[in-house]
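S.K.: missing the sequence, but the structure's below:
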């Protein structure tokens, strides 16, 4: 299932395509290497800037049990 069908956020079709390409059953149908993956990523359009604050808020809302330890570790490093 593409990410756009699993999120309340608007996800560009190019991001859906990238994720689904990486998850294809047949390895030969996936991006061949990091360069091919980067080329796909460079075609992705974003609607707004994704920063640490937005990422933290998203993780806290969607995976609170996993986000809390990660955020504590990050804050400890700062």
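M.R.: The structure has been received and is ready for your questions. Note that the structure is a prediction, hence the values are computed from the model and not measured.
S.K.: Let me see the contact set for residue 1.
M.R.: Contacts for residue 1 (Cβ atoms under 8 Å, 6 or more residues apart in numbering) come out as none. Any C-beta I mention is one placed from the backbone N, CA and C, and that applies to glycine too.
S.K.: what's the pLDDT at it?
M.R.: At residue 1, the pLDDT value in this model is 87.
S.K.: Please report the distance of it from residue 23.
M.R.: 10 Å (Cβ to Cβ, to the nearest Å).
S.K.: and if you look at residue 35?
M.R.: Distance of residue 35 to residue 23, given as Cβ to Cβ: 19 Å.
S.K.: Comparing these two, which residue is more hemmed in?
M.R.: More neighbours surround residue 23 than the other of residue 35 and residue 23, with 11 against 8 (other Cβ atoms under 10 Å).
S.K.: What are the phi and psi values at the more buried one?
M.R.: phi -100, psi 0 (degrees, to the nearest 10).
S.K.: so what's it up against?
M.R.: Counted by Cβ under 8 Å, 6+ apart, residue 23 has contacts residue 30.
S.K.: before we move on, what about residue 21?
M.R.: Shown in contact with residue 21 (Cβ under 8 Å, 6+ apart): 29-31, 40.
S.K.: does residue 11 sit in a helix, a strand or a coil?
M.R.: coil (DSSP: H, G, I helix; E, B strand; the rest coil).
S.K.: That one touches residue 4, doesn't it?
M.R.: Yes: at 4.0 Å, residue 11 counts as touching residue 4 under the criterion of Cβ atoms under 8 Å.
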